[in-house]
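1. curious how this folds, go ahead:
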Amino acid sequence: MKIENHILEEVKISLSPNYDLRPDKSNISLIVLHSISLPPTIFGNNYVEDFFCNKLNPGNDDYLNTIKDMKVSSHLFVKRTGEIIQFVPFDKRAWHAGKSSFDNIENCNDYSIGIELEGCDDISFEDIQYEKLAYIIKAILDNYKKTSKERIVSHSDIAPGRKSDPGPLFDWKRLKRMLE
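-> Here you go, the predicted model:
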């Protein structure tokens, strides 16, 4: 995979309005992995894409009604099928981390790239998701020189006690092997 003008080539683009400018776009130095499914544990629909683009129609679903007005996004979303959707160019600040800190530096959105995996804490991720994620991360490492394999973290690492994703079933050892 290649990155051109801060966009991954050959992926679906669905631009989110939920982003703003980074304080210093040359300071991209962290990759944050997340998981999401809407409604929770339900896969294979367009709710996440609609949610990140402020187009979520919650219908009668209680959970979707509680989040319908939230303004969030990530840079990328990797579906369980392996499809990749980019919502925010990498040089812009996506709204994925919320209140967060890494290495005693607050506001991880300022200097991180957020990647959402379609999933949840208690269901294993698909092989194709690991494959696509490894390709994505290699492209990010090649293009953003302040990033490194040591600076790939989970949402739970930067927001402990508040977030648990991508969860205990995410295979960090497998990802690290794939990045070698």
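2. mind listing the helices for this structure?
-> Here the chain has its helices, by DSSP state H, at 47-52, 62-67, 127-143, 155-158, 172-178.
3. quick one: buried residues of the first one?
-> When neighbours are counted by 16 or more other CB atoms under 10 Å, the buried residues of helix 47-52 are found to be Tyr47, Val48, Glu49, Asp50, Phe51, Phe52. For glycine as for every other residue, the C-beta is placed from the backbone atoms N, C-alpha and C.
4. with the residues you listed in mind, which one is nearest to Asn60?
-> Ranked by distance to Asn60 (CB to CB), the buried residues of helix 47-52 are led by Tyr47 at 13.6 Å.
5. ok, and the closest non-adjacent residue to the closest one?
-> Sequence neighbours aside, Leu38 is the residue nearest to Tyr47 in space, at 3.7 Å (criterion: CB to CB, 6 or more residues apart in numbering).
6. repeat that for Tyr63.
-> Pro39 (4.7 Å).
7. count of neighbours near that neighbour?
-> Residues within reach of Pro39, counting by other CB atoms under 10 Å, total 13.
8. the one 4 residues further on now?
-> For Phe43, the count of nearby residues is 16 (other CB under 10 Å).
9. phi and psi next, for it.
-> phi -120, psi 170 (degrees, to the nearest 10).
10. next: the one 10 residues further on.
-> Recorded main-chain torsions at Cys53 are phi -100, psi 10, according to degrees, to the nearest 10.
11. give me the number of residues near the closest residue to it other than its chain neighbours?
-> With CB to CB, 6+ apart as the criterion, Cys53 has its nearest non-adjacent residue at 5.3 Å, and that residue is Ser16. Neighbour count for Ser16, taken as other CB under 10 Å: 23.
12. hmm, back to that, what sits against the residue nearest to Tyr47?
-> Residues near Leu38 by CB atoms under 8 Å, 6 or more residues apart in numbering: Asn45, Tyr47, Val48, Phe51, Leu56, Tyr63, Leu64, Ile67.
13. for the first one, list the residues it contacts.
-> What it means is Asn45. For Asn45, the contacting residues are Leu38, by CB under 8 Å, 6+ apart.
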